[in-house]
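Undergrad: just coords:
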């Protein structure tokens, strides 16, 4: 059932993309503010309590609903799985940026591509070259594919019902909402420290499985080499693994200095090969879809093995 739930949810998301900002982000932010108002006194331990209360309650409730629906009729449980996956995962959440940037670069419309990558990343890239824009788009796509799809898939398969998908999605949200805030702010303090650590733990295995899959469906030797030689140089270790391995698998150079908000930002080199361009953006799409096919094949084999017992 897990395999079919994933396939159906992704098909629906491709045909009718979910307005994530209004249907997912806005309610979650309201929920986060509710928890902050009641738990946040600037201490890390109260942030941990708020995280556990929110995540455990949501996971337990989703598992309970799933099992109740299963006892009524398996089709209802299947529909509930699909609904939760539709709300928690999907390529189309950010793929419109990637597609529009690729098209703009192919048409020679560099100002338009700069504007789009700036909107996607929330920073100004008015001075970026076409190679820098393509490089940044590939980086964003590789990380987004993991966090929006493959990380969710891992935990969905591992835990009962859709509780794993909810666990990963909430952990990622609280990491971005609370963990990303500076600890020195008087109105926030260390409240987000636990959420950041929790997501690092939950994402430790999935991010390495995604990186390994990138290497398997791409250039294996270069992917593994870049993972071992470059990943630790990136500020965010998890993103560094994905970018180094993804760049090596694609044969494209990622990272490197970029022009951002009127300044040159120094970054280590990730990957190996040629400079990024619109053609490598197309190759990135192929790499991600091949990784998805590999994940479905493995899940299918595990399902067949389970049925055979």
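TA: Perfect, thanks for sending it. A quick note: this is a predicted structure, and the numbers were derived from the prediction, not measured.
Undergrad: only C-alpha atoms from now on, for both contacts and neighbour counts.
TA: OK.
Undergrad: go ahead and confirm residue 55 touches residue 167.
TA: Yes: here residue 55 lies in contact with residue 167, judged by Cα atoms under 8 Å, at a distance of 6.3 Å.
Undergrad: which of the two has more neighbours?
TA: residue 167 (24 against 19; other Cα atoms under 10 Å).
Undergrad: buried ones in the host helix or strand of the more buried one?
TA: Assessed by DSSP states H and E, residue 167 sits inside helix 163-174. Neighbour-count burial for helix 163-174 flags 163, 164, 165, 166, 167, 168, 169, 170, 171, 172, 173, 174 (criterion: 16 or more other Cα atoms under 10 Å).
Undergrad: quick one, strands of this protein?
TA: 253-255, 258-260, 263-265, 269-271 (DSSP state E).
Undergrad: nearest to residue 27, of those?
TA: Proximity to residue 27 (Cα to Cα) singles out strand 258-260 among these, at 31.5 Å.
Undergrad: list the neighbouring strands of the closest one plus their orientation.
TA: strand 263-265 (antiparallel) (DSSP bridges).
Undergrad: what is the distance between the strand it pairs with and the centre of its chain?
TA: Relative to the centre of its chain, strand 263-265 is centred 26 Å away, using Cα atoms, centre = their mean, to the nearest Å.
Undergrad: do the same with stretch 270-284
TA: 20 Å.
Undergrad: ok, and for that stretch, which residues are buried?
TA: 270, 271, 272, 276, 277, 278, 280, 281, 283, 284.
Undergrad: would you reformat those residues as TSV and include distance to residue 94 and pLDDT?
TA: Output for these, formatted as TSV (distance: Cα to Cα, whole Å; pLDDT from 0 to 100):
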residue	distance to residue 94	pLDDT
270	22	96
271	23	95
272	25	95
276	19	94
277	19	94
278	17	94
280	18	96
281	14	96
283	17	96
284	14	96
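Undergrad: pull the most distant pair out of those.
TA: 270 and 278 (18.0 Å).
Undergrad: sorry, back to before: what helices or strands is the helix holding residue 167 leaning on?
TA: On a contact count with 3 or more Cα pairs under 8 Å, 6 or more residues apart in numbering; DSSP states H and E, helix 163-174 meets helix 44-72, helix 74-88, helix 151-158, helix 193-202.
Undergrad: who's in contact with it?
TA: If you take Cα atoms under 8 Å, 6 or more residues apart in numbering as the criterion, helix 163-174 is touched by 28, 32, 51, 55, 58-60, 62-63, 84-85, 88, 151-158, 192, 195-196, 198-199, 202.
Undergrad: what of stretch 84-93?
TA: Contacts of stretch 84-93 (Cα under 8 Å, 6+ apart): 5-6, 9-10, 12-14, 17-20, 23-24, 145, 148-149, 152, 162, 165-166, 169.
Undergrad: now list the buried members of those.
TA: 5-6, 9-10, 13, 18, 20, 145, 148-149, 152, 162, 165-166, 169.
Undergrad: just those now: which is nearest residue 289?
TA: residue 145 (9.6 Å).
Undergrad: leaving out sequence neighbours, find the closest residue to that closest one.
TA: residue 91 (6.6 Å; Cα to Cα, 6 or more residues apart in numbering).
Undergrad: list the contacts for residue 221?
TA: 215, 249.
Undergrad: again, but for residue 263
TA: Counting by Cα under 8 Å, 6+ apart, residue 263 has no contacts.
Undergrad: gap between it and residue 126?
TA: 11 Å (Cα to Cα, to the nearest Å).
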